[in-house]
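K.L.:
Below are the sequence and a predicted model for it; my questions follow.
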Amino acid sequence: MNGAEERFAAEPNELLVERLRDGLGLTGTKVGCDTGQCGSCVVRLDGKSVKSCLVITVAAAGSEVSTIEGVAGPGGELTGLQEALRQEHGTQCGFCTPGMVMALGELVDSTAGGAAPTEPEIREWLTGNLCRCTGYHSVVRGVQRACATSRQEG
Amino acid sequence: MTAVTGESALQGPGLLGQPIDSREDPQLLRGEAVYVADVNLPGTAHMAILGSEVAHAKILGIDTKAAEQLPGVLKVATAADFPDLMPLPCIWIPGGVESHFPPHPYGLPGARPVLTGDAVRHVGDPIAVVVAETERQAVAALAAISVEYEALPVVTRADDALAEGAPQLHEAVPGNLNAYWTCGDKDRTDAAIAAAEVTVELDLVNQRTINSPIEPRGAVGDYNKATGEYTLYASTQGPHNHRFLLSALVLGIPFNKLRVIAPTVGGSFGTKGYLYPDMALVLVLAKALGRPVKWVDTRTGLMNSTVQGRDHRQHVTLAGTRDGRITAVRCTSYANLGAYPSTIGPGVATALMGRSITGMYAIDAAFCEVYAAFTNTVSLGAQRGSGRAEAAFLMERLVDRYAGEIGMDPAAVRRRNLVPAEKFPYDNGLGWTYDSGNYQENFERSLELSGYADMPARKAEARTRGKRLGVGLATYVAICGVGPSTRMSKEGMLGGTWESANIRVHPTGEVSVTVGSASTGQSHGTVFAQVAADEFGIDVNTVNVYEGDTLKAPYGQGTYGSRSYSMAAPAIALTARKIKSKLVRAGAVFLGIPEDRAVYANGKVFEEGNEENAKTFAELAMAMWYGWGLPPEIEPALDETTHFDPPDFNYPFGSHVAVVEVDELTGETEVVAYTAVDDAGNIGNPKVVLGQIEGSIVHGLGQALMEAAEYDDQGLLVSADLRDYALPRAADVPFFALDKTCTPSPHNPLGAKGAGEIATVPPAAAVVNAVVDALSDLGVRHIDMPLTPEKVWRRLRGEGAEQ
């Protein structure tokens, strides 16, 4: 769990998002719907972004789970993606933001060193995350900025 | 648009209008912000609400015994357990007409019960609550409550509810008619239509939609036995307003015994400004149980309980000359208020819609009548662009229909009828007086930026790819800056609609700004700090903004109707000016010069003509804190408050152009280009406003293309989760071409107009106009929203009724 081992007993029907929020106090992961549609609860499981409301906790046993709390540096330093989203104001109410940062983090990581994702690819990747405030434009621009910056630095 | 960086750029004056980064964003990006579901007080118990499974029935009995025996259950309660709880009041009744409401004992006209005891009137109507040790236990116990119903007939459409023999919802509301409301001049309009060279008519359905903030609502109640004080944490747009309504009119406790805190709120778009039963329930249960009580809604719960928007069925008529001059417009609308009057829903369905129908056009005769009816659906309320979006939709559909009828370019018809720039202030004949504008400049800019002149060639090119390209125009005026209290009283609003701000300058030169407004994601902390820093000429990073807690902030109505920057921000600016004026007087004393020689500029008071003889803002702050040497007529310290009540509303406006491609094989509509030129007067932070404009447009596109609250004939909401209710996703929209014009409002010291939701007003009309344009050679003259692929595909095949 964000690099540290967590040991606990879970009920068979416990959802991963419940464990994160209620059991471990990691409330950065949000619950926005009942059906796996909104993406506010996305975390990364062994590097892949998943909706934690659709994962049974026991199914995640032995996996590396990373949540929004583990993304920024120890002093709160923003990652390249977070910084790019900040510069593009890719957040308004911020409720969907942690899920977006987790999902988009996988996209940015997976394309690092290769071709930058195109605008349609970014938009397609984002279809698992709903945002009602921004209309997604600033988020897409943020990903473009993050990819451009990482390639310049890389 | 790039971020302003560097010390000098963060220093006012000149700071206002700069796109500085939102200071709220870092904690949001790190997942550190606390929303109501993240509020965990020690000893918290959890509440779940039993909503009705049927849309209309008498309640014959409720059996809670089995639920009470379940593990972890602390309390099961029904209406009978709360005899002292008053119903939730409605505070915006349509002004100037006779209205019928279920009564409120406090002498107010409108109300809904906190828990219903005698009958249920919509699916989700709250019947009982369970409080348990855990949320799962509370939810599990709901299933053990048994309710015996006697089914009643159901009605879900406003026009059906008004028909003879329709099911009756409320004893106090004969024929389900809440109000018959009108504006404009009926006789003049009827005469103009009768005498017209050309008339066109449309029957429109402005479908019911669900706002769907991504954060569901929630409430946490706490009670302090020692002091008798209640605290409510709620996802609300208006903590002060909720404090007033809940304390005096629902709980029956002194105003100052209730504190309301809005933590970070995860979007609202209108819906979180309303009173809901859960807010009262967590408070009375917290007192009864001696523990904090927490409730967090589910998505399906939200869709069956949080106010819904739009929902008008209209017959509209436009009259004009053969050469394109509009002479009259008339609207008859059936508005669906849902099962109960929501906090301000009846006003939204009448004044906000009806007084806006002529939009940016100078029309000699206009009339709007609204039949507002109760039905077995969720209560109606505001929704991003509320009222104004419905008005723009009918007017802009009519203009295109008229242009088609007389064979004139829709742009030419609009150009011919825009209110001339020299006519402001302009009385639109329906009750609004537009403050300022240059509609011609704005409209022409939208045509130019969208490449409107090139559309014929683009249409021909699209056909070679199996696509039908259509272009749709829509203009709008959006009343914002609610409001002038006296003016709102005439519209039937019960309550002052002014806004206030307090500024406290600390001895060390830092500044605290507190406002009655409350953000639901609009970066108030950033923009309001800009306002104060700009006025004082100080570093914006020395200014902190506080809001959303009724104990700490001065009174204000909150955030709705795109009013924060034109209501709360002027209150801040005026307060800063009071402080500057005091600093000039005190500064003259400290500098040993006559008062009329002292000047405040660039963050200091100095002697006119001798800028070296000066005291900086920070030096003055410290000196005022000590208060040494001040004459008796100058109080020490710097702490001022302003209550801002503007002389009238403000009226942002704009012109949008949608370009769509309709797939001839599948009927799918793709928005391939979208241009918006909006005028919100002077803008505080363009980066923040840009985000709100972009998001607003997507919201409007959602109504045009995919969103609909669908009720079946038994009153069941069949689109009650995000699998069945479609929200626009990132791949559904292209980047937009955006520009702005600027005509400052004379009604506030910043020249500001509303901005937050204004761009939601025209997109539905622009997109429907574009799709109808794409299909016009097939004889299609109107399609009801949402323009789903199946609906459009049928029209491509020649199916479907034509008006």
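P.N.:
Happy to help now that I have it.

K.L.:
Which neighbouring elements make contact with the lowest-mean-pLDDT helix or strand in chain B?
P.N.:
Here the helix or strand of chain B ranked lowest by mean pLDDT, DSSP states H and E is strand B:110-112, holding a mean of 83. Packing partners of strand B:110-112 (3 or more C-beta pairs under 8 Å, 6 or more residues apart in numbering or on different chains; DSSP states H and E): strand B:88-90. In short, each C-beta sits where N, CA and C put it, glycine included.

K.L.:
mind listing the strands for the stretch 251-400 of chain B?
P.N.:
B:258-261, B:293-296, B:309-320, B:326-336, B:365-373 (DSSP state E, counting those that start in this stretch).

K.L.:
Can you say which of the ones you listed is nearest to residue B:788?
P.N.:
Comparison of the strands of the stretch 251-400 of chain B against residue B:788 by C-beta to C-beta identifies strand B:309-320 as nearest, at 16.8 Å.

K.L.:
Just the buried residues of stretch B:415-432, please?
P.N.:
Neighbour-count burial for stretch B:415-432, counted by 16 or more other C-beta atoms under 10 Å in any protein chain shown, picks out B:416, B:417, B:418, B:419, B:424, B:426, B:428, B:429, B:430, B:431, B:432.

K.L.:
Find the residue at the geometric middle of the chain.
P.N.:
No chain in the question, so chain A it is. Closest residue to the average C-alpha location of chain A: residue A:102 at 1.3 Å, with C-alpha atoms, centre = their mean.

K.L.:
Hmm, no, I was thinking of chain B.
P.N.:
Short answer for chain B (C-alpha atoms, centre = their mean): residue B:270, at 3.7 Å.

K.L.:
Without its sequence neighbours, what residue ends up closest to it?
P.N.:
Nearest residue to residue B:270, sequence neighbours excluded (C-beta to C-beta, 6 or more residues apart in numbering or on different chains): residue B:382, at 3.3 Å.

K.L.:
how many neighbours does the one you found have?
P.N.:
When neighbours are defined as other C-beta atoms under 10 Å in any protein chain shown, residue B:382 has 30 of them.

K.L.:
I'd guessed it sits against residue B:346; true?
P.N.:
No - if you go by C-beta atoms under 8 Å, residue B:382 and residue B:346 don't touch, sitting 11.4 Å apart.

K.L.:
Smallest gap between chain A and chain B, at which residue?
P.N.:
residue A:28 (2.5 Å; C-beta to the nearest C-beta).

K.L.:
Check that residue and give its pLDDT.
P.N.:
On pLDDT, residue A:28 comes in at 98.

K.L.:
ok, now residue B:103?
P.N.:
Looking at residue B:103, its pLDDT is 80.

K.L.:
cool, and residue A:34?
P.N.:
The model's pLDDT for residue A:34 equals 85.

K.L.:
Please list all residues in contact with it.
P.N.:
Listed by C-beta atoms under 8 Å, 6 or more residues apart in numbering or on different chains, the contact set of residue A:34 reads A:53, B:298, B:299, B:300, B:721.

K.L.:
What about the closest residue to residue A:54 other than its chain neighbours, how many residues nearby?
P.N.:
Distances taken as C-beta to C-beta, 6+ apart place residue A:36 nearest to residue A:54, at 4.6 Å, with adjacent residues excluded. By other C-beta under 10 Å, the residues close to residue A:36 number 16.
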